[in-house]
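Peer 1: Return a 3D structure for these sequence lines:
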Amino acid sequence: MIFHGLVKSTLLDYPNKLACTLFTGGCNFRCPFCQNSSLVLDPSSEPIIDPTELDVFLKKRVKYLDGVCITGGEPLLQKNVDDYCKYLKDLGYLVKIDTNGSFPKKLESLISKNLVDYIAMDLKSSKEGYSKAVGIDNFNISQIEESVEIIKNCNLDHEFRTTLVKELHGEKEIIGIGKWLDKSQKLYLQRFEDKGSNIVKNLHGFNENETKVIQNILKSYIDLVIIRGY
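Peer 2: Purely as a prediction, here's the structure:
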């Protein structure tokens, strides 16, 4: 696999674990609020981590790190994701995959082969609001629906997460997200900040109090709704 970024240690990306995070390039979505726009739009312009140096790092740090998070971009675009997850597992790491949910067959393969330990899926919006949230006209959400069901029933640690943006998430979209997930799920509400690197400029996030109102609405549908990023 090709990686364009590495966070050598984090307590944030893998819940309750000390991990490193690897960033892949490329994505099939064009989410307006995406803060990794260079990785999405022009990954070839980003530096590539030397695979030999990465191999040395991972073997040296296996005694100290619990897991490896693979994020993007969209990691499941990578052809060799199964092989790389197996390599990490063979080293002794727990593996966390971040995904946009558009590759359910690849996701199912990772699960069936016991190559992933934690799955985080970005649930961009309600079913009706998905096209606008991913920046693709007339987007077919069937693969997203399939991934949601796979994750809900996979018996692995997992989370869904939504980055809240005022221009994309009104009351209708919030209620739609709540109805999509069932009571037993875990949903993180993520803070959006316009850092100047987003695909679309001049978008706005919710403040903490506004987010708590959204959290209370969603708690009518989902058992565990957690605010992240404040």
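Peer 1: For the chain, which segments count as strands?
Peer 2: 5-10, 19-23, 67-71, 94-99, 118-122, 157-163, 186-190, 224-228 (DSSP state E).
Peer 1: Please work out the average pLDDT along the second one.
Peer 2: So that's strand 19-23. Per-residue pLDDT over strand 19-23 has a mean of 97.
Peer 1: cool, the fifth one as well?
Peer 2: Along strand 118-122, the predicted local confidence has a mean pLDDT of 98.
Peer 1: Could you check the angle it makes with strand 186-190?
Peer 2: Strand 118-122 and strand 186-190 are oriented at 50 degrees to each other (axes from the mean of the first three to the mean of the last three Cα atoms, to 10 degrees).
Peer 1: now swap in the longest one and tell me
Peer 2: Strand 157-163 and strand 186-190 meet at an angle of 30 degrees, taking the same axes, to 10 degrees as the criterion.
Peer 1: tell me what strand 157-163 is packed against?
Peer 2: strand 118-122, helix 142-152, strand 186-190 (3 or more Cβ pairs under 8 Å, 6 or more residues apart in numbering; DSSP states H and E). Yep, even glycine has a C-beta here, placed from its N, CA and C like the rest.
Peer 1: Specify the beta-bridge partners of the residue positioned nearest the centre of the chain.
Peer 2: The residue lying closest to the centre of the chain (Cα atoms, centre = their mean) is residue 98, at 3.7 Å. Judged by DSSP bridges, the bridge partners of residue 98 are residue 120.
Peer 1: ok, it to residue 33 distance?
Peer 2: For residue 98, the distance to residue 33 equals 15 Å [Cβ to Cβ, to the nearest Å].
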